[in-house]
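Chemist: I would like the atomic coordinates for the input below:
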Amino acid sequence: QVQLVESGGGSVQAGDSLRLSCAASGRTFSSYAMAWFRQAPGKEREFVGMRWSAGSTYYTDSMKGRFTISSDNAKNTVYLQMNSLKPEDTAVYYCAFRTPGGQYDYWGQGTQVTVSS
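Modeler: Here you go, the predicted model:
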């Protein structure tokens, strides 16, 4: 089992920045990925980006340039740095752990991000 705990959400103004954290604990894997998703009210869950354990990252095109995923391996924590936030970024943000089998088997509880204009 892997436990994920997100933190760092809040209410900000358009143009502000916010950094979300996702602390992982429990079972370890030699190869894995951590991803961020978001879900706005009344919308489908949306993939934001991911970071492989080897360090490479991948982002949805619309997130490139504003969002950055990084990690602190010593703390087993992955971060989502969000800059130049827009009202349309308002959503619940989730981190997810992708096991070597390719499935997102573990999810955090989500953290709310609200961006006002």
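Chemist: where does the residue nearest to the spatial centre of the chain sit: helix, strand or coil?
Modeler: Taking Cα atoms, centre = their mean, the centroid of the chain lies closest to W36, which sits 2.9 Å from it. Here W36 is recorded as strand under DSSP: H, G, I helix; E, B strand; the rest coil.
Chemist: contacting residues for the residue lying closest to it once chain neighbours are set aside?
Modeler: Distance criterion Cβ to Cβ, 6 or more residues apart in numbering; nearest residue to W36, sequence neighbours excluded, is V48 at 4.1 Å. For the C-beta atoms, the positions are set from N, CA and C on the backbone; glycine is no exception. Taking Cβ atoms under 8 Å, 6 or more residues apart in numbering, we find V48 in contact with 35-38, 59-60, 63, 67, 80, 93.
Chemist: which element is V48 on?
Modeler: strand 46-52 (DSSP states H and E).
Chemist: list the pairing partners of that strand within its sheet, with orientation.
Modeler: strand 33-39 (antiparallel), strand 57-59 (antiparallel) (DSSP bridges).
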